[in-house]
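*Asks:* next input, structure requested:
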Amino acid sequence: MAETLAEAVTAALRAVMDPATGRDVVSAGMVQGLAARDGMVQFSLQVPRERAAELEPLRLAAQRAAAAVPGVLNATVVLTAHREAAPQPATPRQAARAPSGQGPMLLPEVGAIVAVASGKGGVGKSTTAVNLAVALAAQGLKVGLLDADIYGPSLPQMLGTREKPRATGQRITPLSRWGLKAMSIGFLVDEETPMIWRGPMVMGALEQMMGQVEWGTLDIMIVDMPPGTGDAQLTMSQRVPLAGAVIVSTPQDVALLDARRGVRMFEKVNVPVLGLVENMSYYCCPNCGHRADLFGHGGARREAERLGVEFLGELPLKLAIRELSDAGTPIVTARPETEEAETYRRIAARVWEKARAKAAGGPAIVME
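*Replies:* Have a look, this model is predicted:
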(Lines give C-alpha, C1' and ligand atoms only; values in the text may rest on other atoms or scores of the structure.)
Protein backbone atom coordinates (compact mmCIF):
# COMPACT_ATOMS: atom_id res chain seq x y z
CA MET A 1 0.00 0.00 0.00
CA ALA A 2 1.30 3.44 -0.89
CA GLU A 3 2.67 5.43 2.02
CA THR A 4 0.56 8.45 2.99
CA LEU A 5 2.11 11.88 3.37
CA ALA A 6 1.53 11.79 7.14
CA GLU A 7 3.32 8.44 7.34
CA ALA A 8 6.22 9.78 5.27
CA VAL A 9 6.55 12.80 7.54
CA THR A 10 6.43 10.57 10.63
CA ALA A 11 9.19 8.40 9.17
CA ALA A 12 11.34 11.48 8.48
CA LEU A 13 10.83 12.73 12.04
CA ARG A 14 12.33 9.51 13.42
CA ALA A 15 15.69 10.96 12.36
CA VAL A 16 15.23 14.07 14.49
CA MET A 17 16.91 13.42 17.84
CA ASP A 18 16.51 15.19 21.14
CA PRO A 19 20.17 15.63 22.21
CA ALA A 20 19.28 15.67 25.89
CA THR A 21 17.60 12.24 25.87
CA GLY A 22 19.12 10.59 22.79
CA ARG A 23 15.62 9.59 21.58
CA ASP A 24 13.92 10.63 18.38
CA VAL A 25 10.88 12.90 18.65
CA VAL A 26 8.45 10.20 17.46
CA SER A 27 9.44 7.39 19.82
CA ALA A 28 9.62 9.92 22.66
CA GLY A 29 5.95 10.73 22.07
CA MET A 30 6.64 14.40 21.39
CA VAL A 31 4.83 14.62 18.03
CA GLN A 32 1.18 15.56 18.58
CA GLY A 33 -1.71 16.39 16.27
CA LEU A 34 0.07 15.69 12.99
CA ALA A 35 -2.12 16.66 10.04
CA ALA A 36 -1.15 16.55 6.35
CA ARG A 37 -3.37 17.70 3.50
CA ASP A 38 -2.70 19.16 0.06
CA GLY A 39 1.00 19.40 0.83
CA MET A 40 0.44 21.38 4.04
CA VAL A 41 1.74 19.75 7.24
CA GLN A 42 1.09 20.91 10.81
CA PHE A 43 1.93 19.35 14.15
CA SER A 44 3.17 20.24 17.61
CA LEU A 45 6.10 19.02 19.68
CA GLN A 46 5.03 18.48 23.28
CA VAL A 47 7.95 19.28 25.56
CA PRO A 48 8.54 19.67 29.31
CA ARG A 49 7.74 23.16 30.45
CA GLU A 50 11.18 23.67 32.02
CA ARG A 51 12.91 22.88 28.70
CA ALA A 52 10.64 24.84 26.37
CA ALA A 53 12.97 27.84 26.05
CA GLU A 54 15.97 25.68 25.01
CA LEU A 55 14.17 23.52 22.43
CA GLU A 56 13.69 26.01 19.60
CA PRO A 57 16.57 24.33 17.65
CA LEU A 58 14.72 21.01 17.97
CA ARG A 59 11.53 22.60 16.60
CA LEU A 60 13.46 24.00 13.65
CA ALA A 61 15.09 20.62 12.98
CA ALA A 62 11.69 18.91 12.99
CA GLN A 63 10.27 21.56 10.70
CA ARG A 64 13.17 21.19 8.26
CA ALA A 65 12.79 17.38 8.28
CA ALA A 66 9.07 17.62 7.55
CA ALA A 67 9.55 20.25 4.84
CA ALA A 68 12.12 18.05 3.08
CA VAL A 69 9.66 15.18 2.56
CA PRO A 70 8.61 14.89 -1.11
CA GLY A 71 5.11 16.26 -1.55
CA VAL A 72 5.31 18.69 1.39
CA LEU A 73 4.81 22.30 0.30
CA ASN A 74 4.88 23.87 3.73
CA ALA A 75 5.44 22.62 7.28
CA THR A 76 4.29 24.38 10.44
CA VAL A 77 5.61 23.13 13.78
CA VAL A 78 4.96 24.65 17.20
CA LEU A 79 6.16 23.82 20.70
CA THR A 80 3.61 23.06 23.39
CA ALA A 81 4.67 22.89 27.02
CA HIS A 82 3.52 19.88 29.04
CA ARG A 83 2.14 20.61 32.48
CA GLU A 84 2.92 18.01 35.14
CA ALA A 85 0.04 19.21 37.29
CA ALA A 86 -2.98 21.24 36.42
CA PRO A 87 -2.57 24.67 38.00
CA GLN A 88 -5.41 26.81 39.22
CA PRO A 89 -6.70 29.03 36.41
CA ALA A 90 -5.17 32.51 36.39
CA THR A 91 -7.35 35.44 37.21
CA PRO A 92 -7.93 38.02 34.45
CA ARG A 93 -5.56 40.38 36.27
CA GLN A 94 -2.83 37.73 36.46
CA ALA A 95 -3.30 36.81 32.81
CA ALA A 96 -3.07 40.44 31.76
CA ARG A 97 0.18 40.87 33.71
CA ALA A 98 1.80 37.63 32.56
CA PRO A 99 5.09 38.34 30.74
CA SER A 100 5.47 37.00 27.24
CA GLY A 101 8.95 35.53 27.72
CA GLN A 102 8.97 34.55 24.07
CA GLY A 103 11.90 36.51 22.66
CA PRO A 104 12.06 39.75 20.66
CA MET A 105 9.01 41.56 19.37
CA LEU A 106 7.80 40.44 15.95
CA LEU A 107 7.24 42.50 12.79
CA PRO A 108 9.97 45.11 13.43
CA GLU A 109 9.80 46.40 9.82
CA VAL A 110 6.13 47.42 10.06
CA GLY A 111 5.63 51.11 10.82
CA ALA A 112 2.28 50.76 12.62
CA ILE A 113 0.21 47.68 13.47
CA VAL A 114 -3.51 48.07 14.03
CA ALA A 115 -5.77 45.24 15.18
CA VAL A 116 -9.36 45.24 13.92
CA ALA A 117 -11.34 43.23 16.44
CA SER A 118 -14.80 42.66 17.87
CA GLY A 119 -16.15 41.69 21.23
CA LYS A 120 -18.81 39.58 19.50
CA GLY A 121 -18.75 37.63 16.23
CA GLY A 122 -20.97 38.50 13.27
CA VAL A 123 -20.75 42.29 13.54
CA GLY A 124 -18.72 42.84 10.36
CA LYS A 125 -15.19 42.78 11.74
CA SER A 126 -13.57 41.11 8.75
CA THR A 127 -15.50 43.24 6.25
CA THR A 128 -14.29 46.34 8.06
CA ALA A 129 -10.69 45.11 8.27
CA VAL A 130 -10.50 44.26 4.58
CA ASN A 131 -12.03 47.53 3.38
CA LEU A 132 -9.81 49.59 5.70
CA ALA A 133 -6.72 47.79 4.40
CA VAL A 134 -7.72 48.26 0.75
CA ALA A 135 -8.54 51.93 1.39
CA LEU A 136 -5.10 52.47 2.95
CA ALA A 137 -3.38 50.77 0.01
CA ALA A 138 -5.33 53.03 -2.36
CA GLN A 139 -3.72 56.01 -0.56
CA GLY A 140 -0.33 54.75 -1.74
CA LEU A 141 0.73 53.13 1.53
CA LYS A 142 2.52 49.79 1.79
CA VAL A 143 -0.09 47.69 3.58
CA GLY A 144 -0.18 44.21 5.10
CA LEU A 145 -3.36 42.36 6.10
CA LEU A 146 -3.05 39.51 8.60
CA ASP A 147 -5.94 37.16 9.38
CA ALA A 148 -5.45 36.28 13.06
CA ASP A 149 -8.70 34.31 13.25
CA ILE A 150 -7.25 30.79 13.10
CA TYR A 151 -10.55 28.99 13.75
CA GLY A 152 -12.62 31.02 11.29
CA PRO A 153 -10.39 32.59 8.61
CA SER A 154 -12.28 34.92 6.23
CA LEU A 155 -9.60 36.50 4.04
CA PRO A 156 -9.56 33.88 1.24
CA GLN A 157 -13.27 34.50 0.60
CA MET A 158 -13.18 38.26 1.06
CA LEU A 159 -10.08 38.76 -1.09
CA GLY A 160 -11.38 36.42 -3.78
CA THR A 161 -8.42 34.06 -3.99
CA ARG A 162 -7.70 30.41 -3.13
CA GLU A 163 -4.08 30.66 -4.24
CA LYS A 164 -1.51 28.91 -2.06
CA PRO A 165 1.45 30.99 -0.81
CA ARG A 166 4.89 30.06 -2.10
CA ALA A 167 7.45 28.81 0.41
CA THR A 168 11.21 29.21 0.05
CA GLY A 169 13.05 27.24 2.68
CA GLN A 170 11.35 28.15 5.96
CA ARG A 171 10.01 31.50 4.69
CA ILE A 172 6.55 32.08 3.19
CA THR A 173 5.71 34.72 0.61
CA PRO A 174 2.41 36.49 1.37
CA LEU A 175 -0.21 36.76 -1.35
CA SER A 176 -0.68 40.07 -3.17
CA ARG A 177 -4.23 41.22 -3.76
CA TRP A 178 -5.87 44.63 -4.23
CA GLY A 179 -2.57 46.41 -3.69
CA LEU A 180 -1.72 44.81 -0.34
CA LYS A 181 0.10 41.80 1.10
CA ALA A 182 -2.10 39.25 2.85
CA MET A 183 -1.69 36.08 4.90
CA SER A 184 -4.24 33.74 6.45
CA ILE A 185 -4.25 30.18 7.74
CA GLY A 186 -7.07 29.79 5.20
CA PHE A 187 -4.49 30.07 2.41
CA LEU A 188 -2.57 27.10 3.83
CA VAL A 189 -5.35 24.56 4.42
CA ASP A 190 -8.39 23.34 2.52
CA GLU A 191 -11.41 25.61 3.05
CA GLU A 192 -13.45 22.78 4.60
CA THR A 193 -10.71 21.65 6.98
CA PRO A 194 -11.60 22.48 10.61
CA MET A 195 -8.72 23.77 12.72
CA ILE A 196 -9.14 21.47 15.71
CA TRP A 197 -6.19 22.88 17.60
CA ARG A 198 -5.62 23.67 21.25
CA GLY A 199 -4.59 27.17 22.31
CA PRO A 200 -0.79 26.71 22.23
CA MET A 201 -0.88 25.46 18.62
CA VAL A 202 -3.11 28.34 17.60
CA MET A 203 -0.79 30.86 19.20
CA GLY A 204 2.22 29.18 17.62
CA ALA A 205 0.61 29.36 14.17
CA LEU A 206 -0.19 33.03 14.71
CA GLU A 207 3.38 33.83 15.74
CA GLN A 208 4.74 31.97 12.73
CA MET A 209 2.47 33.87 10.34
CA MET A 210 4.04 37.01 11.72
CA GLY A 211 7.63 35.84 12.10
CA GLN A 212 8.13 33.46 9.16
CA VAL A 213 6.32 35.41 6.43
CA GLU A 214 8.30 37.75 4.16
CA TRP A 215 6.24 40.85 4.88
CA GLY A 216 9.07 43.22 4.00
CA THR A 217 8.89 46.89 4.96
CA LEU A 218 5.31 48.08 5.48
CA ASP A 219 3.80 51.42 6.45
CA ILE A 220 0.92 49.75 8.27
CA MET A 221 -0.50 46.30 8.97
CA ILE A 222 -4.17 45.68 9.66
CA VAL A 223 -4.82 42.58 11.79
CA ASP A 224 -8.23 40.95 11.47
CA MET A 225 -8.64 39.64 15.01
CA PRO A 226 -10.90 36.81 16.16
CA PRO A 227 -13.92 37.91 18.20
CA GLY A 228 -13.68 38.01 21.96
CA THR A 229 -10.93 38.74 24.47
CA GLY A 230 -8.81 35.60 24.54
CA ASP A 231 -5.41 34.13 23.72
CA ALA A 232 -4.99 35.77 20.32
CA GLN A 233 -5.51 39.24 21.74
CA LEU A 234 -3.01 38.58 24.53
CA THR A 235 -0.47 37.12 22.10
CA MET A 236 -0.71 40.17 19.86
CA SER A 237 -0.34 42.59 22.75
CA GLN A 238 2.71 40.72 24.10
CA ARG A 239 4.54 39.87 20.87
CA VAL A 240 3.79 42.79 18.57
CA PRO A 241 4.32 46.56 19.03
CA LEU A 242 0.67 47.46 18.48
CA ALA A 243 -0.11 51.09 17.70
CA GLY A 244 -3.74 50.87 18.76
CA ALA A 245 -7.14 49.18 18.49
CA VAL A 246 -10.26 49.99 16.50
CA ILE A 247 -13.41 48.46 17.98
CA VAL A 248 -16.28 47.51 15.64
CA SER A 249 -19.79 46.93 16.99
CA THR A 250 -23.40 46.93 15.90
CA PRO A 251 -25.74 49.37 17.69
CA GLN A 252 -27.68 46.94 19.91
CA ASP A 253 -26.93 46.60 23.60
CA VAL A 254 -25.87 42.93 23.50
CA ALA A 255 -23.05 43.76 21.04
CA LEU A 256 -22.07 46.92 22.88
CA LEU A 257 -21.61 44.96 26.12
CA ASP A 258 -18.94 42.84 24.45
CA ALA A 259 -17.40 45.85 22.73
CA ARG A 260 -17.06 47.46 26.15
CA ARG A 261 -15.22 44.36 27.42
CA GLY A 262 -12.91 44.60 24.42
CA VAL A 263 -12.08 48.22 25.20
CA ARG A 264 -11.33 47.36 28.83
CA MET A 265 -9.14 44.42 27.84
CA PHE A 266 -6.98 46.54 25.55
CA GLU A 267 -6.69 49.14 28.27
CA LYS A 268 -5.43 46.44 30.68
CA VAL A 269 -2.66 45.42 28.26
CA ASN A 270 -1.76 49.06 27.51
CA VAL A 271 -2.99 49.10 23.91
CA PRO A 272 -4.61 52.44 23.02
CA VAL A 273 -8.09 52.26 21.53
CA LEU A 274 -8.11 54.37 18.36
CA GLY A 275 -11.89 54.49 18.18
CA LEU A 276 -15.23 52.73 17.67
CA VAL A 277 -16.99 51.97 14.38
CA GLU A 278 -20.74 51.33 14.26
CA ASN A 279 -21.52 48.72 11.59
CA MET A 280 -25.02 47.79 10.36
CA SER A 281 -26.05 51.17 11.73
CA TYR A 282 -29.26 51.33 9.69
CA TYR A 283 -30.97 49.77 6.67
CA CYS A 284 -32.34 51.60 3.64
CA CYS A 285 -34.79 49.78 1.38
CA PRO A 286 -33.28 49.70 -2.15
CA ASN A 287 -36.77 50.03 -3.67
CA CYS A 288 -38.52 52.79 -1.71
CA GLY A 289 -35.61 54.32 0.21
CA HIS A 290 -37.30 53.84 3.60
CA ARG A 291 -34.80 53.79 6.45
CA ALA A 292 -35.17 51.30 9.31
CA ASP A 293 -32.96 51.07 12.38
CA LEU A 294 -33.10 47.29 12.63
CA PHE A 295 -30.59 47.04 15.47
CA GLY A 296 -31.17 50.46 16.96
CA HIS A 297 -28.99 53.40 16.00
CA GLY A 298 -26.25 55.48 17.59
CA GLY A 299 -25.36 52.96 20.30
CA ALA A 300 -21.67 52.87 19.39
CA ARG A 301 -21.47 56.67 19.25
CA ARG A 302 -22.97 56.95 22.72
CA GLU A 303 -20.70 54.20 24.02
CA ALA A 304 -17.64 55.95 22.58
CA GLU A 305 -18.61 59.15 24.36
CA ARG A 306 -19.16 57.27 27.61
CA LEU A 307 -15.78 55.52 27.37
CA GLY A 308 -13.93 58.64 26.26
CA VAL A 309 -12.75 57.26 22.90
CA GLU A 310 -13.25 58.60 19.39
CA PHE A 311 -16.27 57.60 17.31
CA LEU A 312 -14.82 56.88 13.87
CA GLY A 313 -18.00 56.53 11.82
CA GLU A 314 -21.04 54.44 10.92
CA LEU A 315 -21.80 52.09 8.05
CA PRO A 316 -25.22 50.82 6.93
CA LEU A 317 -26.51 47.30 6.54
CA LYS A 318 -26.39 47.21 2.76
CA LEU A 319 -26.83 44.36 0.30
CA ALA A 320 -24.01 45.56 -1.97
CA ILE A 321 -21.42 45.37 0.83
CA ARG A 322 -22.39 41.78 1.60
CA GLU A 323 -22.55 40.66 -2.04
CA LEU A 324 -19.22 42.23 -2.95
CA SER A 325 -17.52 40.80 0.14
CA ASP A 326 -18.78 37.31 -0.71
CA ALA A 327 -17.53 37.79 -4.27
CA GLY A 328 -14.05 38.76 -3.08
CA THR A 329 -14.22 42.35 -4.32
CA PRO A 330 -14.31 44.89 -1.44
CA ILE A 331 -16.69 47.77 -2.03
CA VAL A 332 -13.83 50.27 -1.71
CA THR A 333 -12.39 48.75 -4.89
CA ALA A 334 -15.53 47.62 -6.70
CA ARG A 335 -17.63 50.76 -6.19
CA PRO A 336 -15.32 53.57 -5.05
CA GLU A 337 -17.92 56.22 -5.91
CA THR A 338 -20.44 55.05 -3.29
CA GLU A 339 -21.07 56.73 0.04
CA GLU A 340 -20.05 53.54 1.86
CA ALA A 341 -16.67 53.42 0.11
CA GLU A 342 -16.10 57.05 1.02
CA THR A 343 -16.91 56.27 4.67
CA TYR A 344 -14.36 53.46 4.71
CA ARG A 345 -11.76 55.78 3.17
CA ARG A 346 -12.48 58.47 5.75
CA ILE A 347 -12.19 56.00 8.66
CA ALA A 348 -8.99 54.53 7.18
CA ALA A 349 -7.41 57.98 6.87
CA ARG A 350 -8.21 58.75 10.51
CA VAL A 351 -6.89 55.36 11.67
CA TRP A 352 -3.64 55.94 9.77
CA GLU A 353 -3.30 59.42 11.24
CA LYS A 354 -3.76 58.19 14.80
CA ALA A 355 -1.76 54.97 14.40
CA ARG A 356 1.20 56.78 12.87
CA ALA A 357 1.22 59.23 15.79
CA LYS A 358 1.05 56.44 18.40
CA ALA A 359 3.35 53.89 16.71
CA ALA A 360 6.49 55.23 18.33
CA GLY A 361 4.97 54.82 21.77
CA GLY A 362 3.50 51.30 21.55
CA PRO A 363 0.83 48.93 20.18
CA ALA A 364 -2.06 49.48 17.70
CA ILE A 365 -5.17 47.26 17.29
CA VAL A 366 -8.40 47.62 15.28
CA MET A 367 -11.39 45.79 16.73
CA GLU A 368 -15.02 45.22 15.71
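*Asks:* now the helices: where do they sit in the stretch 51-200 of the chain?
*Replies:* Under the criterion DSSP state H, counting those that start in this stretch, the stretch 51-200 of the chain contains helices at 56-67, 92-97, 125-138, 155-159, 199-211.
*Asks:* quick one: average confidence on the third one?
*Replies:* Okay, so that is helix 125-138. Across helix 125-138, pLDDT averages out at 96.
*Asks:* now do the SS call for residue 12.
*Replies:* Secondary structure state of residue 12, per DSSP: H, G, I helix; E, B strand; the rest coil, is helix.
*Asks:* what pLDDT does it get?
*Replies:* At residue 12, the pLDDT value in this model is 95.
*Asks:* assumed residue 219 was part of a strand.
*Replies:* Yes. Counting by three-state DSSP, residue 219 is part of a strand.
*Asks:* do you know how far it is from residue 36?
*Replies:* Residue 219 is 37 Å from residue 36, where distance means CB to CB, to the nearest Å. Every residue, glycine included, has its C-beta placed from N, CA and C.
*Asks:* mind showing which ranges of the protein have poor pLDDT?
*Replies:* The model of the chain has pLDDT under 70 over residues 1-3, 52-53, 81-104, 169, 359-368.
*Asks:* show the contacting residues for the most centrally placed residue in the chain.
*Replies:* In the chain, the centroid-proximal residue (CA atoms, centre = their mean) is residue 148; its distance is 1.2 Å. Contacts for residue 148 (CB atoms under 8 Å, 6 or more residues apart in numbering) come out as 115, 206, 209, 223-226, 232, 236.
*Asks:* strands of the stretch 51-200 of the chain, start to end?
*Replies:* Taking DSSP state E, counting those that start in this stretch as the criterion, the stretch 51-200 of the chain contains strands spanning 74-82, 110-117, 143-147, 166-168, 171-173, 175-177, 180-183.
*Asks:* phi first, then psi, for residue 280.
*Replies:* Here is the backbone geometry of residue 280 (degrees, to the nearest 10): phi 50, psi 40.
*Asks:* skipping adjacent residues, who's closest to it in space?
*Replies:* Spatially, and ignoring its direct neighbours in sequence, residue 280 is nearest to residue 317 (4.1 Å; CB to CB, 6 or more residues apart in numbering).
*Asks:* thinking again about what came up before, which among the helices of the stretch 51-200 of the chain is found nearest to residue 168?
*Replies:* Between residue 168 and these, the shortest gap by CB to CB is with helix 56-67, which sits at 10.7 Å.
*Asks:* which strands and helices sit next to that closest one?
*Replies:* helix 5-13, strand 40-48, strand 74-82 (3 or more CB pairs under 8 Å, 6 or more residues apart in numbering; DSSP states H and E).
*Asks:* could you check the angle the last one makes with helix 5-13?
*Replies:* For strand 74-82 against helix 5-13, the angle between stretch directions is 70 degrees (axes from the mean of the first three to the mean of the last three CA atoms, to 10 degrees).
*Asks:* strand 74-82 pairs with which strands?
*Replies:* Paired with strand 74-82 in the same sheet, following DSSP bridges, are strand 40-48 (parallel).
*Asks:* on that earlier part again, can you say which of the helices of the stretch 51-200 of the chain is packed in most?
*Replies:* Mean neighbours per residue, mean count of other CB atoms under 10 Å, is largest over those for helix 125-138, with a mean of 28.
*Asks:* now do the contacts for residue 233.
*Replies:* Contacts for residue 233 (CB under 8 Å, 6+ apart) come out as 115, 117, 225, 265-266, 269, 365.
*Asks:* and for residue 164?
*Replies:* Contacts for residue 164 (CB under 8 Å, 6+ apart) come out as 38-39, 73, 187-188.
*Asks:* can we see that at 7 Å?
*Replies:* Remark: with contacts taken as CB atoms under 7 Å, 6 or more residues apart in numbering, residue 164 is in contact with 73, 187.
*Asks:* do residue 141 as well
*Replies:* Applying CB under 7 Å, 6+ apart to residue 141 gives the contacts 219-220.
*Asks:* how about a cut-off of 8 Å?
*Replies:* By CB under 8 Å, 6+ apart, the residues touching residue 141 are 219-220, 352.
*Asks:* just residue 197 next, same as before
*Replies:* Residue 197 neighbours (CB under 8 Å, 6+ apart): 33, 42, 150, 205.
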